[in-house]
Structure formats: C-alpha cells, structure tokens
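[1] Quick one: sequence plus predicted model below, questions after.
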Amino acid sequence: MTPYRSVFKDESKLDINYVPRRLPHREKEHRLLMEFFNFLLQFPERMTQRVIITGEVGTGKTSLAQRFGADITLEANKRGVNFRYVHVNCREYRGKLFLILQHAVSVFRPNFPKRGYSAEEALETLMQSLDEENAYMILALDEFDTLIEQEGSESVYKLTRLQEMRPGKPQRISLISILRDLKSTEKLDASARSTLQRNVISLKRYPKDQLVDILNDRVAMAFEPSTVPEDVVDLVAELAVSESGNARFAIELLWRAGKYADAEDLDLVAAECVRKAVSSITPTLRRSELASLGFHEKLFLLGAARVFKGSQGTYASLPEIEEGYAVVCEEFGEQPHSHTQLWKYVQLFSALGILKAEVTATGTRGRSTRVSLPSVPASELEKELSAALEKR
Amino acid sequence: MEIEEVFSSKPRMKILRLVARLGALNVSDIARRINLNYSTTNQHLKLLEAEGILQQRVYGRVRMYRFNDRSPKAIAVQNLIETWEQNK
C-alpha cells in the first residue's frame, strides 16, 4: 500500500472557526475598531463604547470582531487591565437575552447555576462579577438580529443603558453588535436604536482581486507548496464573486477542492476538483435544463465537457472547444454547425451559468474568447449529456 | 472549633475537596455533587464559613461558596488537599 499523501499541510487553517492573524483588506476597519476602543487601554473605567458591524454573508464581520477581540485582549492584559472579550452568537442561544447573559456570566463564574433566576438577575450577576474582579468586557453579539427579533427593544435598551442604573461606579461593558443589515434595527424603538447606532462599520463585498489575496494567504497556510495553481485560486475567487463576494464560501470551496484532489490521489488541486466541489455545495447542473437543450446544443456542450475533462485546465479557447465539438459531431454522424452558431451556443450556456465566456485581448491583433466551466464537473456533465444523447 | 472537629466530618471533607477542584459553587450544586440534602449541606457550609475557610458571595438569589482568599486557614487547607491529591 502506498503511503497516504495529501495536498494539505494544515487543513485546520481552512476551518470555518479559524481566525487568521492577518485579515487582508480589513486592515482599515481593524484600525478603526482599535481607535473606537482605545480608551480601554488608558482609562477603561471612565467610558464604554457601542459599535455596530454590518455586511453581507462572508464579508468578514465575525473574523474582524474576533481578530480585534484577541488583539485588544492581548494589548489590555499587557498594560495590566483585566479585560475579556466575549463573543456570543445570538442564534446559538435562540436570541434569548437570559441565555446570552448566562454565557457571559459563565466566563467569570464557570459553575454558576443554569436556572432559577431572570435575565435582569443574570445581568446584575455579570456586573457584580466584573466589579469583584475589577474587570472590563466587550460583549460581541453576533447575529444580533436574532436577539432583536426574540426580545425586542427592551433587552437592547437594558444592555445599552446599564450604567444609568449604577451611577458613580466604574463602567464595565462595551458592546459590538454584528448583523447583516441595519434594517433589522428598524424594529427597535427610537430610544433603543439611538443608543446603539453611534459607530457603524459596514463591510463591503470582497471583489475578485481581494478574494484572490485572501485565498492566497490561506493556500500558503493550509496547502503544501505548489499544490494549488494560480488559475485554480482564480477560479475559486471567480465563483465566490458570483456568490456575492462570500469569502467563507471561497475558503470552503478551496478546502473541498483539496479533499477531492486527495480522494483522487492527485499531486495538485486541479480545476476539475473545484468544479466537483462547487457542484457538491450548489447543485448547478439540473437534468431538466439539459433535457430541454437542442440536439446540437447538447453535442456542443459534450464537446466542451470532453475538452475540459481531457485538459484538466481551468480555461479553454473557443477554437479548442469547436474542435472538440467537431469530433463529437463526427461520432454522431452529424455535420458541424458554423462558428457564428457556436458563438450563440456559448452565449446561451453563459446565460444558463454552465459555461463562462470572457473576451480577452491578446496583444495587438484581435481578441480571443476564453471559456471556462466554472461550476459543473466536466466528467459529470459528460456523463449526463451522453445519457441524454443516447435516449434520443 | 477544634481542628479535629472541623475535619472529622466526611461531608465537610468532600465539600472542601470539591471546592478545591471546581472553584466557586452554589449550595444546591454542592449538595447534588456530594449526594446530600440541601439543609445538611447548608449547615456544613455555614460551619466552614464560620471557621473562615470558605466564604460566601451572594448574587441575587444565588449563593456561591469558595475558599476565603484572605484566610491563612483556607490557604493551608487548599495546600493540604493539593498535596494529598498529587501524592495519592
């Protein structure tokens, strides 16, 4: 038996919960958070802060908060401030304030009873524990919208106006609220909303070049050298862009592609592995769509599938695909259609999301079309098309 | 109270070992863990508190017991338990 080999060096670096030391293209936001909470390092007892982080799925909200949390904890502890960063996913606690606060209490009092008291008492206990230990805390409420939905304005108001109940005492708890869309805060009444929205950091979708940087960082950490070609990173980034710039999707896709490469005992992650990975995450190949295609459309797509399967590359030129189509036509005893017609097929398959065509300028003479098969494994596509053509 | 009286009770020794291992605990939790009823456990805890070995903290309706950090007796008892557990 040959020894097990893997393209991975350390696949834990692609885990959904892994927070890298450096967050590419979020440096500015990280600095901004440091500015907002700078007081914690100098005079923590004098004030508290409330920050909202918004952004779509996979824009780095959670990672940014956690990276910042770890960094400021280290810095505060270095300066002798007893500080804790507590990150709570509100959805995990069904949006219930009591359960969220109980989790925060358990950080200081691990054996504190789980029931027999109210959310208000949990909050008092938390404040008392912080006072006893002369500690300060940032409570990061991830998926904050779940808390709003479950508990409404009252709970948010309680969290933000804590200090008013204890005048003259040191301020202890700052908040970071993390949510996809500020719209969910519209459900709150005006007073609760105004206490929350002082500082909003909104994270934009990652464009392709930024996703490439993120992926390259992870490739260096998680994969053996030279096992992930540049064009494969490019393909993964391209796919993530179509998933609205979702970095989490990109990283998961990269991991799955690596797994497919390992399963097939490959030396490197091929584009085909990415296609298999993406079809396992999002089934883009629908049989009904294939069945509704015309005969020559199927022949053309079969030709393209074979070209991708044979080359294992990410991209193919249009003439290469036309050649593949011509071979398929010969096999089926058909006269191939003209170039103009084939160009229309490419447009059709692009619209269906099966192929992706990009016009690239090559030097001074003319332009050429580069075609990729982004989300369907070529082998699977070939199998489906052969079956559909046989039925005819 | 004389030392032999404090340490001659099995439940009290169990309580001390438990608190040494887990830190602050509430009365019901201690009672459940040493398999004793609430009121007897409470009496033992009060005695250990009166001796200055444990201290009580009240959080609303919850009472938590832990070693009294300022008491030399508490430090000595913790050291004794630790040494005992390490050299079993």
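    Arrived safely, thanks for sending. Numbering: from 1, shown residues only, chains lettered A, B, ... in the order given.
[2] Any buried residues in stretch A:99-109, and which?
    Within stretch A:99-109, the residues that qualify as buried are A:99, A:100, A:101, A:102, A:103, A:104, A:105, A:107, A:108, A:109, counting by 16 or more other CB atoms under 10 Å in any protein chain shown. C-beta here means a position set from N, CA and C on the backbone, and glycine is covered the same way.
[3] One more: stretch A:201-217?
    In stretch A:201-217, counting by 16+ other CB under 10 Å, buried: A:201, A:203, A:205, A:206, A:210, A:211, A:212, A:214, A:215, A:217.
[4] Go ahead and produce PDB holding the CA coordinates of stretch A:219-233.
    Taking Å, rounded to 0.1, in the frame of the first residue of the first chain, the C-alpha atoms of stretch A:219-233 are listed here in PDB:
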ATOM      1  CA  VAL A 219      -3.300  28.500   0.400                       C
ATOM      2  CA  ALA A 220       0.100  29.300   1.900                       C
ATOM      3  CA  MET A 221      -1.000  28.300   5.400                       C
ATOM      4  CA  ALA A 222      -3.100  25.200   4.600                       C
ATOM      5  CA  PHE A 223      -1.600  23.600   1.500                       C
ATOM      6  CA  GLU A 224       1.800  22.100   0.600                       C
ATOM      7  CA  PRO A 225       3.900  24.300  -1.700                       C
ATOM      8  CA  SER A 226       2.900  24.300  -5.400                       C
ATOM      9  CA  THR A 227      -0.200  22.200  -4.900                       C
ATOM     10  CA  VAL A 228      -2.700  24.900  -5.800                       C
ATOM     11  CA  PRO A 229      -2.000  26.600  -9.200                       C
ATOM     12  CA  GLU A 230      -2.700  30.200  -9.700                       C
ATOM     13  CA  ASP A 231      -5.500  29.700 -12.100                       C
ATOM     14  CA  VAL A 232      -7.300  27.500  -9.600                       C
ATOM     15  CA  VAL A 233      -7.200  30.200  -7.000                       C
END
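[5] Tell me which of the buried residues of stretch A:201-217 fall in helices.
    Counting by DSSP state H, the part of the buried residues of stretch A:201-217 found in helices is A:210, A:211, A:212, A:214, A:215, A:217.
[6] tell me the contacts of residue A:176?
    A:33, A:50, A:51, A:52, A:53, A:65, A:138, A:139, A:140, A:141 (CB atoms under 8 Å, 6 or more residues apart in numbering or on different chains).
[7] show me the contacts for the fourth one.
    Yep, that's residue A:52 we're talking about. A:144, A:176, A:177, A:178, A:179, A:182, A:185, A:196, A:197, A:199, A:200, A:201.
[8] Specify the local secondary structure of it.
    strand (DSSP: H, G, I helix; E, B strand; the rest coil).
[9] picking that back up, closest to residue B:16 among the contacts of residue A:52?
    Within those, proximity to residue B:16 (CB to CB) peaks at residue A:176, which comes in at 41.0 Å.
[10] which SSE is the most centrally placed residue in chain A in?
    Computing the C-alpha centroid of chain A and ranking residues by CA atoms, centre = their mean puts residue A:248 first, at 1.9 Å. Following DSSP states H and E, one finds residue A:248 within helix A:247-263.
[11] May I have the helix or strand just after that helix as PDB, with CA atoms only?
    Downstream of helix A:247-263, the first helix or strand assigned by DSSP H and E is helix A:271-281. The C-alpha trace of helix A:271-281 is given here as PDB (Å, rounded to 0.1, in the frame of the first residue of the first chain):
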ATOM      1  CA  ALA A 271      -9.800  22.900 -11.800                       C
ATOM      2  CA  GLU A 272     -11.900  19.800 -12.100                       C
ATOM      3  CA  CYS A 273     -11.600  19.300  -8.300                       C
ATOM      4  CA  VAL A 274     -13.000  22.800  -7.900                       C
ATOM      5  CA  ARG A 275     -15.900  22.100 -10.200                       C
ATOM      6  CA  LYS A 276     -16.700  18.900  -8.300                       C
ATOM      7  CA  ALA A 277     -16.500  20.800  -5.100                       C
ATOM      8  CA  VAL A 278     -18.800  23.600  -6.200                       C
ATOM      9  CA  SER A 279     -21.400  21.100  -7.600                       C
ATOM     10  CA  SER A 280     -21.300  19.400  -4.200                       C
ATOM     11  CA  ILE A 281     -22.100  22.700  -2.500                       C
END
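[12] Helix A:271-281 versus helix A:247-263: what angle between them?
    120 degrees (axes from the mean of the first three to the mean of the last three CA atoms, to 10 degrees).
[13] ok, and of the buried residues of stretch A:99-109, which contact chain B?
    Among these, the ones lying near chain B by CB under 8 Å from any CB of the partner chain are residue A:109.
[14] I figured residue B:11 was touching residue B:33, is that so?
    No. Counting by CB atoms under 8 Å, residue B:11 does not reach residue B:33; the two are 11.1 Å apart.
[15] is it fair to say residue A:137 lies in a strand?
    Yes. Assigned with three-state DSSP, residue A:137 falls within a strand.
[16] And the helices in the stretch 51-200 of chain A?
    In the stretch 51-200 of chain A, the segments counted as helices under DSSP state H, counting those that start in this stretch are A:61-78, A:97-108, A:119-132, A:144-151, A:153-160, A:190-196.
[17] How about residues contacting the first one?
    Contacts to helix A:61-78, defined as CB under 8 Å, 6+ apart, come from residues A:19-21, A:23, A:26, A:29-30, A:33-34, A:37, A:40-41, A:44, A:53-55, A:83-85, A:87, A:136, A:138, A:140, A:142, A:176, A:178, A:201, A:203.
[18] Please apply the same query to the fourth one.
    Contacts made with helix A:144-151 from outside it, assessed by CB under 8 Å, 6+ apart, are listed as A:52, A:90-91, A:94-97, A:100, A:141, A:155-156, A:177-181, A:184-185, A:187-188.
[19] For residue A:42, see how far away the residue in the stretch 201-350 of chain A that chain B sits nearest to is.
    Using CB to the nearest CB, the point where the stretch 201-350 of chain A gets nearest to chain B is residue A:201, with a distance of 34.5 Å. As judged by CB to CB, to the nearest Å, residue A:201 and residue A:42 stand 21 Å apart.
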